[in-house]
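In: I need the structure of the sequence given here:
(chains A, B, C and D)
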Number of protein chains: 2
Amino acid sequence: MPKVVDPVERRRELVEAVLRVIRRDGLEQASVRNVAREAGLSMGSLRHYFASQSELMVFAFRTIIDRIESRLASLEPEPDPRRRAERVLAELLPLDDERRAENEIWLAFTSRALVDPTLRDLRDEGYDALRAGCQVILTDLSAAGLAPTDIPVETERLHALLDGLAVHAAIRPHIHTAQSLRAAIAHHLDALAIEAAVALGIPRTG
Amino acid sequence: MPKVVDPVERRRELVEAVLRVIRRDGLEQASVRNVAREAGLSMGSLRHYFASQSELMVFAFRTIIDRIESRLASLEPEPDPRRRAERVLAELLPLDDERRAENEIWLAFTSRALVDPTLRDLRDEGYDALRAGCQVILTDLSAAGLAPTDIPVETERLHALLDGLAVHAAIRPHIHTAQSLRAAIAHHLDALAIEAAVALGIPRTG
DNA sequence: GACAAGCTAGCACGGCCGTGCTATAACAGG
DNA sequence: CCTGTTATAGCACGGCCGTGCTAGCTTGTC
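Out: As a prediction, the model looks like this:
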């Protein structure tokens, strides 16, 4: 069996080419021809690794989801609930160029999934994972008295805040810098803590 | 000059055809041919009203912005700041089918504007208008002691929350119903009021 | 060296695309 | 009625699309 290049590696290269094209020129430019050219391969060769365009797209989206999950899994343990929340949330926001790229591609996929059924399952998987992550964070904070106890409502709010910030970072990257995104998250966590304190009954009047 | 149909009316019909196609099949299906067919016209006839595809798209996006603005302008006056905020915000969320359609199209345009410079100005206009609206609401609430005084930070948060909820409503319309969207907004306004009360010094301890 | 399997390249088909162009019909003002 | 403007239709061009297909190349096994 001939193996000048690991096929897994080839697929990885091709996915990276797809993601580059999508980010630079948009999802509609991610044609078999363009992606093959970007990867320095022929159309026929590309189709040896991905039998159809749809398969390529799904694999590319899946790759992004896997990357985010692996980043979350590799976070070092953090005993303080508040700092833990900040770190996890910071990992989910487009704070550096790599994640900005992923974020823009996620936005393009989300938009296309509205009319392309083959992408819906993956989009829903990402949505569910993010929501579950928000829920874990809030349950954690709430147990420490740093967030209100109504987890479902707060999950809805935090999740929407996260995705909204991500959209804004894609639209206006120069305004929504890493610093301002971090500040927005920190402010929300502060607010949650205040609400929790009020709900528990405040020791001092202010 | 022959006027069997008002040309303004024709353009309106064509824009509606565009929006129908975009919502049903996606932005990439909104070709001159498909739109003309949807409107029951020939390609040549469509091109009599819109010299290029880009012109048609820009006009369609502009139409959506105009619709939102006119809806906001036609809101009946509401003396109570809190209720006023709720009404304005409710107008900006996809609570009925018409606005759900607009919301999905807005998402598609936003995504495409990432790589299509001709749509950027309009996208930015919509972004700025929404942000300004959030700022007005918060200034208003803050003056009544119903929101914290740090308007820029709260504007960022409310704006992101709104767009995040809109994205979620597009992704999972069955989960994010009109009722749950209204509840999310109401909850956030409640939280803002609590924060403001804490900042002002609370008369009672709880 | 022979062979098979994996890999790469490239062509060809039918299809949709935006746009330039011309031809025809409908109508207004003279 | 004639004329010119507007509206509508439709064709043709070059281009990109996804995919089916074949042919050649590389490489490991025998």
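
In: list the contacts for A:M57?
Out: Counting by CB atoms under 8 Å, 6 or more residues apart in numbering or on different chains, A:M57 touches A:18, A:30, A:118-119. All C-beta atoms are positioned from the backbone trio N, CA, C, and that covers glycine.

In: can you tell me the helix or strand for whatever residue of chain A ends up closest to DNA strand C?
Out: The minimum distance from chain A to DNA strand C, using CB to the nearest atom of the strand, falls at A:G44 (2.3 Å). Per DSSP states H and E, A:G44 falls inside helix A:43-49.

In: How about that helix, which residues are buried there?
Out: A:46-47, A:49 (16 or more other CB atoms under 10 Å in any protein chain shown).

In: Out of those residues, which are close to DNA strand C?
Out: Among those, proximity to DNA strand C is found for A:47, A:49 (CB under 7 Å from any atom of the strand).

In: Not counting sequence-adjacent ones, nearest residue to the residue nearest the centre of chain A?
Out: With distances taken as CA atoms, centre = their mean, the residue of chain A nearest its centroid is A:L92 (5.4 Å). Distance criterion CB to CB, 6 or more residues apart in numbering or on different chains; nearest residue to A:L92, sequence neighbours excluded, is A:L162 at 6.1 Å.

In: Chain neighbours aside, what residue packs nearest to A:A85?
Out: A:I137 (4.8 Å).

In: which residues touch that neighbour?
Out: A:84-85, A:88-89, A:158.

In: What mean pLDDT does the host helix or strand of it get?
Out: Using DSSP H and E, A:I137 maps to helix A:120-143. Average pLDDT, helix A:120-143: 97.

In: in chain A, what spans have low per-residue confidence?
Out: A:1-5, A:7, A:202-206 (pLDDT under 70).

In: And the helices in it, which stretches?
Out: A:7-25, A:32-39, A:43-49, A:53-73, A:81-92, A:97-113, A:120-143, A:151-171, A:178-200 (DSSP state H).

In: Would you reformat those helices as CSV and include distance to B:D25?
Out: Converted to CSV, these look like this (distance: least, CB to CB, whole Å):
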stretch, distance to B:D25
helix A:7-25, 20
helix A:32-39, 21
helix A:43-49, 26
helix A:53-73, 16
helix A:81-92, 31
helix A:97-113, 11
helix A:120-143, 15
helix A:151-171, 23
helix A:178-200, 34
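
In: Of those, flag the one that's most buried.
Out: Burial of the helices of chain A is given as mean neighbour count (mean count of other CB atoms under 10 Å in any protein chain shown); helix A:151-171 ranks first at a mean of 23.

In: From the contact counts, what lies against that helix?
Out: On a contact count with 3 or more CB pairs under 8 Å, 6 or more residues apart in numbering or on different chains; DSSP states H and E, helix A:151-171 meets helix A:97-113, helix A:120-143, helix A:178-200, helix B:97-113, helix B:120-143, helix B:151-171, helix B:178-200.

In: A:L14: what's it in contact with?
Out: A:35, A:39, A:41, A:46, A:49-50, A:56.

In: Double-check the residue nearest to A:L92 against A:C134; I have them as touching.
Out: Yes. A:L162 lies in contact with A:C134 (CB atoms under 8 Å); the separation is 6.9 Å.

In: Buried ones only from the contacts of A:M57, please, as a ChimeraX command.
Out: Typed into ChimeraX, the next command selects the buried ones out of the contacts of A:M57 (criterion: 16+ other CB under 10 Å):
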select /A:18,30,119
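
In: can you tell me which of the contacts of A:M57 are up against DNA strand D?
Out: Among these, DNA strand D is touched by A:A30 when using CB under 7 Å from any atom of the strand.

In: Show me the two of the contacts of A:M57 that sit farthest apart.
Out: A:V18 and A:T118 (15.1 Å; CB to CB).

In: Test my guess that A:R62 contacts A:L122.
Out: Yes. Assessed by CB under 8 Å, A:R62 is found in contact with A:L122 at 6.2 Å.

In: Find the residue closest to A:A39 in space, skipping its chain neighbours.
Out: With CB to CB, 6+ apart as the criterion, A:A39 has its nearest non-adjacent residue at 3.8 Å, and that residue is A:A17.

In: residue contacts, that neighbour?
Out: A:35-36, A:38-39 are the contacts of A:A17 under CB under 8 Å, 6+ apart.

In: Out of those, which comes closest to B:S111?
Out: Once CB to CB is applied, the member of the contacts of A:A17 that ends up nearest B:S111 is A:V35, at 18.8 Å.

In: Please determine how far A:V21 is located from A:N34.
Out: Distance from A:V21 to A:N34, counting by CB to CB, to the nearest Å: 5 Å.

In: ok, now A:L162?
Out: 32 Å.

In: picking that back up, using JSON lines, please lay out the contacts of A:L14 together with distance to A:R67.
Out: Compiled in JSON lines, those are given as follows (distance: CB to CB, whole Å):
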{"residue": "A:V35", "distance to A:R67": "19"}
{"residue": "A:A39", "distance to A:R67": "19"}
{"residue": "A:L41", "distance to A:R67": "23"}
{"residue": "A:L46", "distance to A:R67": "21"}
{"residue": "A:Y49", "distance to A:R67": "19"}
{"residue": "A:F50", "distance to A:R67": "19"}
{"residue": "A:L56", "distance to A:R67": "17"}
